Structure formats: structure tokens, C-alpha cells
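Engineer: Below are the sequence and a predicted model for it; my questions follow.
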Amino acid sequence: MPVGPLLEIRDLHLVAHGAEGARDLVRDLSLSLQPGTTLGMLGASGSGKSLTAMALLGLLPAGVEQAGGEIHFDGRRIDKLGAREWLKLRGARIALVFQDPLSALNPVLRVGKQIAEVLEIHTALGAAERQAEVLRLLREVQLEQPQVLARRYPHQLSGGQRQRALIAMALAGQPQLLIADEPTTALDVTIQAEILDLVATIQRQRGLAMIWISHDLEVVGQCCQRVVVLHQGRLVESGPVEAVFRTPQHAHTRALLAARPGRTPAAPPVVRPAAQAVSGPAAQTAAASAPESTQAPESEGAAAKAPVLQVKDLQVRYAAGHDLLGRVNSWKTAVDHVSFEVHAGECLALVGESGSGKSSTARALLRLQPAAGGSAHLRPPADQAFDLLALPERELRRRRHHLALVFQDPHASLNPRMRVWKSVAEPLEIQRRARGSALRERVDALLRQVQLDPQLGDRLPATLSGGQRQRVAIARALALDPCLLVCDEAVSALDLEVQQAVLELLQDLGRKRNLAYLFITHDLSVVADFADRVAVMKDGQLVEQGPVKSVFAAPQHPYTRRLLDAVPRLPF
Amino acid sequence: MKPPPRRRWGLRLAVLFLVLLGAAALAAPWLPLADPGEMDFGQRLVAPQWTQAPVLGTDSKGRDLLARTLWGARISLLVGLLGSAVALAVGLPYGAWAGLKGGRVDRLLMRLADLLEGLPLVVVVLFLLSILQEYRGELEAVGIGRIQVFFVAVGCLFWLPTARVARAEALKLRAAAFVEAARTSGAGNPRLLRRHFLPNLVPAALVMLTLTVPRVVLMEAFLSFLGLGVDPPAVSWGLLASEGLAALNPLVDSAWLLGVPATALALTLLSLNVIGDHLRDAA
């Protein structure tokens, strides 16, 4: 029963005023939203989706201006409102849920107090009624023990709890429109699934209209009725989710859909025989699946040689407390007796949620973090085998080039004050492999290998795109011909299409150089595309490992099953 | 996203003032100025004429105040820049090393810095000057005078804030991915300091420079004012202000003798602080 739209945007035009004059950020954007429905807003970073959301809240960042167009909300034009009128609208009628719940909450105020503040501004409730309403809201977002949680500070909450608290805060003003800006991107996949459920329930109960901003097609496909696709500030496609996803009209939408990782193997999980349920403790499962992993390469016809990397009983712990003299008196175990192997030409994916110890494992192997026990034998083809963890510092510096690391954040992994080619050249300089013009030639060759124009070498990292920077980081990692490449969430920060391209590059390089990969990620769909074997970590322990296909098709450990079930899938 | 262009006339004025002052000070020997040391007792205590010589008046010995102020700027600014350079040269590597090493080295270096922080500069200068007095002959033979003593004192104490800022920045850099990347390819600490830490400390160093120069200029002026700074016949703003104060008496109006060097000093410090603020916002 179509009533008038709750929100209507006509020809929105946003420009940035910079040193080089005005630049269009969003152009000719029109859309409308019916009450009680959810609109997905898809687009790569820089496509203007967050900016549009900010325009809806009258919160355009300094330097950005609305140069044209109209925004109508509930039959009223809102883009020309004064600051005072915005205050009445924002939070009360239109509310926002942020991506990063930790920075969106005030760290020095108790959670309950922060929610009560919204009520104080937007309602006439007295102090006691506000308190009751806060508890009711916390119950509505399905937080257990609301009385206890209301008295906690944001840092005492888990990521999922924080996001729930933030949603409660957004709901406090009884809004008609909720804008969610990548609300689950920072969350683990199992928690993301819970939040998606929660939001769907609340929306049904309250009849909320929502705008769901995301780069994740599966999430949008699950929770939205209609979708708009933004590309470089323009709306390139809009329509019902299913129609857009099934028969995309615009080339960019098609590319977006094609770049989606894991379209094949993460297919609906096969019916699992109940007999396969394993109830033993984690360590046992890991031990049980160990023989399976050694069989894997044989069955695929690879030479049954000694593994390039053999990790045994790796332990990593962090100091959790100090006594008066500054000596550590309590420890927190991050990695607990983890063992695995990686063979040449093979990719082992290490998956798990945040805090599972997968990054600590990588850091310990690279000796960026001391290991508390265990061994990690590396067998480079052109060198003697050695134990990475036992090597003395001086010896280590000569030999650590056999393994290299690619980081998650391509913005942080290059020195902003170094020309790109210098960054790639640094490992060669340190190990005294080349100098002068020979050095530059090797760098150029490396840049070509990662499909970059060597002329980019003279630029500073800030002038490169995220994908280009990640390629530079890969070129640097390859500079010393490592036999093992550790990728710590190496594609997680990239847009889907770029992610796809970088994964293809890694795959290609792996084949050409017979590289072994230790691929650390939380993204199971990437694992399905890229890895040969997978090892699942939970609370510092390895709970399951084996070939990707068999683990994904018939997960043995209940945690693996939970992880796989939580991966969002398109409902059609 | 860039902030919108702000009104920056304050910054422009500050830069303009410092550039003009610096150029005039540099060119003082070639400018058509009176000799700053030449006494003319027929022209004693002439008030500023503004449009004709003596533009800024003369002092009690008939010396031209404009010439003396510009020649004083040479010493004051030189001392400020060199002193700050000393402070930066000591403070940046010290703080960066503490932050780079972390742990026990960091704690030790920073406690030492705390210790030095407790020493009053004037006491240090007096101590050094007393040594100078004692061994005057020998030290002057190797070219060590009061100015050099002043640099040593500044070198001892004025680098502390710079070191703290450098350490804070270095602690952030220590966890930076590009530093870890360099470490994993076998880079040692000296290389990390040289190639990754110091270049990334440049913005912070610029801010610290603009904040240290005024402190050093002021300290030199203060010491010269007390008679512990530059030796006459050399002139600095602090010395001029000191003479100006001494010349004040209820019978003869000579306020310009204090006013001119004090104004020059105040405007210089203000300009440097304005520039420092803008740099800090931009960094």
C-alpha cells in the first residue's frame, strides 16, 4: 500500500572545495524510500555513499557543500534547515549507526548514561523513567543483564555488545529512519549474523525505514528490499535487490557481482551426518586432523617432500599484569600449542575471529613477537633448514628474508616519506643484493611482476590507490625471493574488485615462484577461492585443519560449523 | 578531505615580518646604517624621528638605535636558531632512540631526562660562567666565550621537550606496519632510526623548532638583561633592553630605549608562535 515516500532525494549534488577548485563528489543522485522498508546502498570506497548519508543528517564534513538538489523527509524539505532545527530532527527522527562502535561511544561515560543522554535531549521523561527506558532499550537489542551492562564503560564491552548498545542509542529517540553505515564491517562473522538478525527483528517490530550502507553484497542481499549502486558519486543502478543482483544492467554492478569471492565452494552446506559431530576437546581434534593434512598434497599429486614450514607446539603469551617491581606476574595465552605445516606451492589459510590468535601466530613466526615455546622449522630450497624461533638475533637478521610478510593496511605498510621504489629497494639494500643502477633495475622488474608501471616507483605512497599500494607491498615482500609469504589479512582492506585482482596476482606469483602461503584471514569466502588447506583457530587453539573442500563441505568441529553458517549468503 | 581555506592573514603577517627582519639583519653590514658602536655625544638621547635620521632615536651615548636594534637582531636570531639547532640535534635522536628501543632503555633515558628537567637553567649558566671565569685565558685561547657557554647550556636543557615529543612519535612509529616490514627484511635499529624514524619526525621537528626558537631567544635576552649574556661591544636585544631600563629616570624621557628592543623581541616571538601554531595544525 504505497503511501508517500518517507524520504526522497532529488538530484543531490555534493562538491568539495579544495586547493584545485571545486570537485564533484556526488552528482545527480535521486532515490526514494518507503516507510518500513530497507534500502541498500552499495559502492566501493570513495563512491560517495557515506557522504550521502551525512547529507541526510545535515552533517557534511567541512569543505563539502551541497551545490544542488533537494532532500525531502516525511513531506518536508530538510536540506535547507538551520542548525537548531537539525538538532530536533537528528537522533529523534533520523538516527545513525556507525561502523566503528568503539570510537562512536564516549569512552569516559557509562553506556547507560550515554543512552539516557539521547532520551534527555529528545524526550520529556523524568530521571527514573529514563532509567527504565534505557533498560527497556537494552533488552530490545537483546543484551543480557541490562542492569549490569548499563553501568559498564564502552571498553568493558565486546564488539558485538558495543554495536548493540549503539543501536539502542539510535533507537532511543524513536526514529522513523535509521541509517546504518557499514554497521557490521568491523565485526566477526558470527557476531555480524547476530546483529543482522537483531536489526531485522527490530525493524519488523517498529516498522522502521532503513538505509543500509555497505560494500558487502551478501549482507545487502540479506537485509534489504531495494538497492542502489553508487559508482564515483553517481547512481548507476537501482531497483529491487533480487532483480539488480540477478540481472544487473550497468557494467559496474556486473563487475561488482563478478568480483564477489567464494561464489562457488561456500554453497549451501551439505547435510551433515550426525555421526560426524565431534565433541572432544579442541586439541584432540587438531591432532586427529593432522594426518589428514599430510595426505592432502599427496592426493593432489604434489611431491611428498618435507614441508617448507613446520610449526610445532607454538606458544605465544602476553604480559597481563606486573608486580610492584615491574616484573610480569600474570600472562595471557594468545597461541596455545599450535602445530601446522605448509608445503611449497601450497596455500594454508589460517582463519578465526578476532582474538583467536591467528595474527599472534604470524607475528611470532616473523619474530615480531617473542614466542613462549615451540619450534618453527623453515626449509628454504637454497639454504639449510633452521628453526625460526631459536635463531639468535644477529643470525636471524641474515636469514629472515626467507619468509616475508604482507600486511592488512596498505596505507600503513609503506613509509609515507619514502618514494615507492625506495621501499621496494630497502630489503635488497639491507641484504646487500644490489646497488646503484642494478638496484633500480631489480626494483623495476619487481614492480613489473606485480603488474605495476615502474614509473610509479618515483611517486610517494600517498598518490597511489589502495590496490596499487598493496601491490607495492607484495613487490617488497618478494624482493628477497622468500620461500614463504605470510599474508596477514592482506586483502581485507581492499574493495571487492581490487581484492579479486590482488588475489589473482598472488595466485599467479605462487605458481610461478612455487611459493608457500600462510594466508591469515577472517573472510571465509576468500579462503574458499584462494587456499588449498585451511586451519581454524579459536581462543588460541587450532580446532580443525584439512583441505578447504572437505572442511567446508563437512566441518568436524562445532565451531567451524558455526563460522561457516554465519557467512552471509544471498537468499536467492 | 581538506579543511576549507581559512583566513590566514595572521600567518602571512608573521611570515612577512620574520622575512623582512631576517633579511634586514643579514644585510645589516651593507645597509646605509650608522655604525652601531659609534658614539656621538652631541646627539645624546634623541627621540625617534620616524621619517629622518635617527629614525628610532639614539641612546645615552648618542649611538643610533635602529642600527643597534638590527645588529642586535643578528645576534639574537643567530643565537635562537643555533641554540634551537643544538636542542633539536640532541633531542630528536635521543627521543627517537628511546621510543625505538622501548622497554628498559626507554625508561632509563626518560628518567635521565626527568632529572635534567629539574635543573634551573640560570643555575646551569651561572655554573658554566663561573668555570669560564676561572679558566678565562685558556678557554678564550680556544675560542670559547660567553656565547659558546650559552650554547652548551641550551644544548643541555632545551632539548628536553623536543626529546619527549620525538619519543611519543617514535612509540607510534614503532608499531607502524612499514617499520615492521623493514624489520622483517633484516633492518637493524640504526637503519630504522635513519631511514624510517627521523624522516617521519620532520613535521614534529618543524613544530618544535618554531616553539624552541622563541624560548632560546627569550632566554638569551633574559641572560643578557642580567648581564650574563653577550659581552659588549656586541649587542643583542636583551642587552639593549637592559641598557634601556638603566637609562630610565623620571627627569629625562627615554622610554624608546626600552620600547624599541622590547617591541622587536615581542613581535618576533609572537610571529614564531603564530607560525608554530599553524604548522602544528597542519601536521
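Structural biologist: Structure received.

Engineer: which residues touch the spatially closest residue to residue A:336 that is not a sequence neighbour?
Structural biologist: Counting by Cβ to Cβ, 6 or more residues apart in numbering or on different chains, residue A:336 lies nearest to residue A:540, which is 4.1 Å off, once chain neighbours are set aside. (C-beta placed from N, C-alpha, C; glycine too.) Residues in contact with residue A:540 (Cβ atoms under 8 Å, 6 or more residues apart in numbering or on different chains) are A:333, A:334, A:335, A:336, A:338, A:356, A:357, A:360.

Engineer: Tell me where the stretch 151-283 of chain B is predicted with low confidence.
Structural biologist: Scanning the stretch 151-283 of chain B for pLDDT under 70 picks out B:283.

Engineer: Residues of it that sit close to chain A?
Structural biologist: Neighbours of chain A within the stretch 151-283 of chain B, by Cβ under 8 Å from any Cβ of the partner chain: B:176-178, B:180-188, B:191, B:195-196, B:199-200, B:202.

Engineer: which SSE is residue 53 in?
Structural biologist: Using chain A. helix A:49-56 (DSSP states H and E).

Engineer: you looked at the wrong chain, it should be chain B
Structural biologist: Residue-wise, residue B:53 maps onto no helix or strand under DSSP H and E.

Engineer: any idea how far it is from residue B:260?
Structural biologist: The gap separating residue B:53 from residue B:260 is 15 Å, by Cβ to Cβ, to the nearest Å.

Engineer: now residue B:162
Structural biologist: Distance, residue B:162 to residue B:260, using Cβ to Cβ: 32 Å.

Engineer: How about residue A:493?
Structural biologist: Taking Cβ to Cβ, one finds residue A:493 at 59 Å from residue B:260.

Engineer: So which of those two has more stuff around it?
Structural biologist: For residue A:493 and residue B:260, the more surrounded residue by other Cβ atoms under 10 Å in any protein chain shown is residue B:260, and the numbers stand at 23 against 18.

Engineer: for the residue sitting nearest the centre point of chain A, what are its contacts?
Structural biologist: Geometric centre of chain A, nearest residue: residue A:492, 5.0 Å, by Cα atoms, centre = their mean. By Cβ under 8 Å, 6+ apart, the contact list for residue A:492 reads A:408, A:521, A:522, A:523.

Engineer: Include distance to chain B when you put the residues you listed into CSV, please.
Structural biologist: Output for these, formatted as CSV (distance: Cβ to the nearest Cβ, whole Å):
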residue, distance to chain B
A:408, 8
A:521, 17
A:522, 18
A:523, 19
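
Engineer: Please identify which helix or strand holds residue A:95.
Structural biologist: Using DSSP H and E, residue A:95 sits in strand A:94-97.

Engineer: Now do that strand: everything it contacts.
Structural biologist: A:53, A:56-57, A:73, A:163, A:166-167, A:170-171, A:173, A:175-181, A:183.

Engineer: which ones among the residues you listed are found in helices?
Structural biologist: Residues of these located in helices (DSSP state H): A:53, A:56, A:163, A:166, A:167, A:170, A:171.

Engineer: What is the nearest of those to chain B?
Structural biologist: residue A:53 (14.9 Å; Cβ to the nearest Cβ).

Engineer: Neighbours of that closest one, how many?
Structural biologist: Residues near residue A:53, counting by other Cβ under 10 Å: 18.

Engineer: What sits closest to it if chain neighbours are left out?
Structural biologist: residue A:179 (5.0 Å).

Engineer: Residue B:183 is in contact with residue A:368, isn't it?
Structural biologist: Yes: Residue B:183 is within contact range of residue A:368, at 6.7 Å (criterion: Cβ atoms under 8 Å).

Engineer: ok, the two, which is more surrounded?
Structural biologist: Higher neighbour count among residue B:183 and residue A:368: residue B:183, with 22 against 17, using other Cβ under 10 Å.

Engineer: okay, the residue nearest to the centre of chain A: pLDDT?
Structural biologist: Per-residue pLDDT puts residue A:492 at 80.

Engineer: what's the spacing between it and residue A:343?
Structural biologist: 25 Å.

Engineer: Enumerate every residue touching residue A:7.
Structural biologist: A:31, A:32, A:33, A:56, A:71, A:72, A:73, A:74, A:177, A:209, A:211 are the contacts of residue A:7 under Cβ under 8 Å, 6+ apart.

Engineer: Among the ones in helices among the contacts of strand A:94-97, which pair sits farthest apart?
Structural biologist: A:56 and A:163 (20.6 Å; Cβ to Cβ).

Engineer: Most widely separated two among the contacts of residue A:7?
Structural biologist: A:31 and A:74 (15.5 Å).

Engineer: which residues of the stretch 101-250 of chain B fall in helices?
Structural biologist: Listed in chain order, the helices of the stretch 101-250 of chain B (DSSP state H, counting those that start in this stretch) span residues B:103-117, B:121-134, B:136-141, B:146-157, B:160-174, B:177-184, B:189-191, B:198-200, B:202-225, B:237-247.
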